[in-house]
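**Q** quick check, what structure comes out for this input:
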Amino acid sequence: MAHPHPDPEFIPALCGVITVSDTRSVDTDKSGQLIKSKLRQAGHRLEAYRLVKDEPDQIAGLVQRLVPTVDVIICNGGTGIAPRDTTYDAIAALLAKEIPGFGEIFRQLSYAEIGSRAIASRATAGVYQSTLIFLLPGSSNGVALAMDALILPELQHLVRQIKG
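**A** This next block holds a predicted model:
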């Protein structure tokens, strides 16, 4: 798909990846590893990778600590509606600007793949203190879909807009 305003030369984004899970470890974190791999393959720089329990205060605190050091934070896990899914609740309140199109299009693409279960996703994106934040599901298929179809094609453009 042609972009109406092509980006000038490539500038790697400084990225942080956060996996929110009560059960995953570095060795079992397939979604976090997938995000890291896709960012590196696209030429971006991984500045931080962390795992955090699905506790709202811990999630928000980690995001707040990483924000000064990165252009982008991609969180995976905790975006559903189960009682322990608190990533959206912890981060949505921090966002100065939401990017509603991300969640809307992600759910549309998810619907094409998994059907009506896509309605339970609270995947979203927004801006917190000049840092772009994406909240993705913990599913590796959902992560791959978001990274390939939405995040990587637009990451440069969105970071440039935020940074001015």
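
**Q** in stretch 111-118, what counts as buried?
**A** Going by neighbour count (16 or more other C-beta atoms under 10 Å), the buried part of stretch 111-118 is residue 118. Backbone N, C-alpha and C define where each C-beta goes, glycine included.

**Q** and the end-to-end length of that stretch?
**A** 5 Å (C-alpha to C-alpha, to the nearest Å).

**Q** ok, stretch 125-136 next?
**A** 9 Å.

**Q** do the same with stretch 70-79
**A** End to end - C-alpha to C-alpha - stretch 70-79 spans 22 Å.

**Q** could you pull out the strands for this protein?
**A** Assigned by DSSP state E, the strands in the chain fall at 14-20, 45-52, 72-76, 97-98, 124-128, 131-136.

**Q** now the first one: mean pLDDT?
**A** Strand 14-20 carries an average pLDDT of 98.

**Q** what does stretch 25-33 give?
**A** Stretch 25-33 comes out with an average pLDDT of 97.

**Q** with stretch 118-132 instead?
**A** For stretch 118-132, mean pLDDT is 97.

**Q** turn the strands of the chain into CSV, including mean neighbour count and distance to residue 60.
**A** Listed next are the strands of the chain as CSV, based on neighbours: other C-beta atoms under 10 Å; distance: least, C-beta to C-beta, whole Å:
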stretch, mean neighbour count, distance to residue 60
strand 14-20, 25, 11
strand 45-52, 16, 10
strand 72-76, 26, 11
strand 97-98, 12, 16
strand 124-128, 20, 10
strand 131-136, 26, 11
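
**Q** chain neighbours aside, what residue packs nearest to residue 133?
**A** Nearest residue to residue 133 in three dimensions, chain neighbours excluded: residue 73, at 4.9 Å (C-beta to C-beta, 6 or more residues apart in numbering).

**Q** so that neighbour makes contact with residue 134?
**A** Yes. Using C-beta atoms under 8 Å, residue 73 is in contact with residue 134, at 7.3 Å.

**Q** could you list the low-confidence segments of this structure?
**A** Where the chain drops to pLDDT under 70, the residues are 1-7.
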